[in-house]
Structure formats: C-alpha cells, structure tokens
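# The following comprises the amino acid sequence and a computationally predicted model.
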Amino acid sequence: MTARKSLALATATVALGTGLAIAAPAAQAAPAAQSAPSTAASREASAAKAGWHLIWGPKSHKPTKYWATPDFVPRSGTLGVNARCWNGGDGTKYKIDVVRTRDKKVVKKGGWGYCNGGWMTVKANASSGTSYYMRIYLKGKAHTIEAKAYYYR
C-alpha cells in the first residue's frame with residue numbers, strides 16, 4: 001500500500017469514527033426530539049383553532065327594511081357579526097345591533113353604513129352559551145340583506 005492510499009484510508013476511518021460519534025448523541029436525543037413534535041403538533045392544533053369560527057349563516061332575507069335574525073349562541077366571550085346589502089347607488093343605509101335574546105337588551109350598537117355590497121362588522125362582548133340575535137335596519141329602499149355571526153377563540 002502506498003503512503004497516499006494509507007493516508008486516505010486513515011482519514012476515511014477518522015471521518016467515519018467522528019461521524020459515528022456525532023450520530024450517537026443524536027440517536028440518544030431522538031426520544032426527546034420525538035416528544036417535541038407531539039407538543040408542537042398540539043400547539044399547532046391549538047393555533048389552528050384560534051380565530052373566528054362561524055356559528056350562524058350566511059343567510060339572506062328578501063328585500064326588507066328590517067330583519068331580526070334567528071338566534072345564535074357563541075362559544076366564547078367575543079362575538080362578531082357581519083351583514084351586507086346592495087343598492088345600485090340609491091343611497092340606502094343600514095346598521096346592525098347585537099341583541100341578547102333573553103331580555104332583548106342591545107349589547108352593541110353598530111353605526112350606519114351604505115348598502116354597497118361590502119360587509120359591515122360589529123364586535124361585541126358576549127357570554128359563552130347565551131343566545132343573541134341581530135337587528136338589521138335599513139334607511140331608504142328595501143334591499144336583500146345577507147348576514148352571518150362568528151365567535152372568536
């Protein structure tokens with residue numbers, strides 16, 4: 001064997017031995033690393049659940065100037081509702097109020113917006129498990145209204 005081949009063989013042996021020595025601690029750490037993905041997976045699942053969740057709608061009502069929607073029940077303390085209508089430029093405005101069903105108390109009043117097809121959003125503090133509904137008022141001509149409700153978790 002020539003000196004060059006001996007040197008190459010010795011270098012390969014050292015590199016292989018170093019690779020095994022480095023791989024051994026990684027193999028010992030593997031069980032800990034395997035438990036980490038399950039924790040990370042649970043965090044990802046929780047993160048996937050965090051956000052707005054649809055609880056009612058989207059539903060629409062024929063052309064009208066007032067709509068009291070059916071009840072919906074949020075599963076958290078944060079409630080969001082959306083509504084929209086279209087007008088073709090006739091200047092009709094609309095507003096949304098969020099109402100607690102049991103005592104008809106308005107828990108959040110929305111402002112007035114134009115029926116231009118865009119969604120108006122009203123957010124309210126709510127009690128999880130309590131029924132609410134929307135009162136949607138139109139000022140001007142009757143229009144078809146579309147609405148939906150969400151809770152945030």
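On my side now, so go ahead.

# Report the separation between Val99 and Lys108.
Computed as CB to CB, to the nearest Å, the Val99 to Lys108 distance reads 9 Å. (Each C-beta comes from the backbone N, C-alpha and C, glycine too.)

# Now the longest strand along the chain: average pLDDT?
Determined from DSSP state E, the single longest strand within the chain is strand 52-64. Average pLDDT, strand 52-64: 94.

# Within the sheet, what are the partner strands of it, with directions?
As defined by DSSP bridges, the strand partners of strand 52-64 come to strand 143-152 (antiparallel).

# Name the residues of the strand it pairs with that come out as buried.
143, 145-152 (16 or more other CB atoms under 10 Å).

# Check those and tell me the two furthest apart.
Maximum pairwise distance among those (CB to CB): 28.5 Å, between His143 and Tyr152.

# which stretches of this protein form strands?
52-64, 66-68, 78-85, 93-100, 105-109, 113-114, 120-125, 132-139, 143-152.

# so who does Gly117 touch?
Counting by CB atoms under 8 Å, 6 or more residues apart in numbering, Gly117 makes contact with 84-86.

# residues of the longest strand of the chain that come out buried?
Of all the residues in strand 52-64, those buried under the rule 16+ other CB under 10 Å are 55-57, 61.

# if we take these, which one ends up nearest to Lys139?
Each of the buried residues of strand 52-64 was checked against Lys139 using CB to CB; the closest is His61, at 16.2 Å.

# Can you give me the separation between the residue nearest to Trp52 when sequence neighbours are not counted and Trp67?
Spatial nearest neighbour of Trp52, chain neighbours left out: Tyr150 (4.4 Å); criterion: CB to CB, 6 or more residues apart in numbering. Distance of Tyr150 to Trp67, computed by CB to CB: 18 Å.

# cool, Trp56 as well?
In terms of CB to CB, Trp56 sits 13 Å off from Trp67.

# any idea how far Gly80 lies from Thr92?
Applying CB to CB, the value for Gly80 to Thr92 is 23 Å.

# meant to ask about Asn82
In this structure, Asn82 and Thr92 are 18 Å apart, going by CB to CB.

# which residues are contacting stretch 143-150?
Here stretch 143-150 makes contact (CB under 8 Å, 6+ apart) with 52-64, 67, 69, 72, 74, 79-87, 92, 94, 96, 115, 132, 134, 136, 138.
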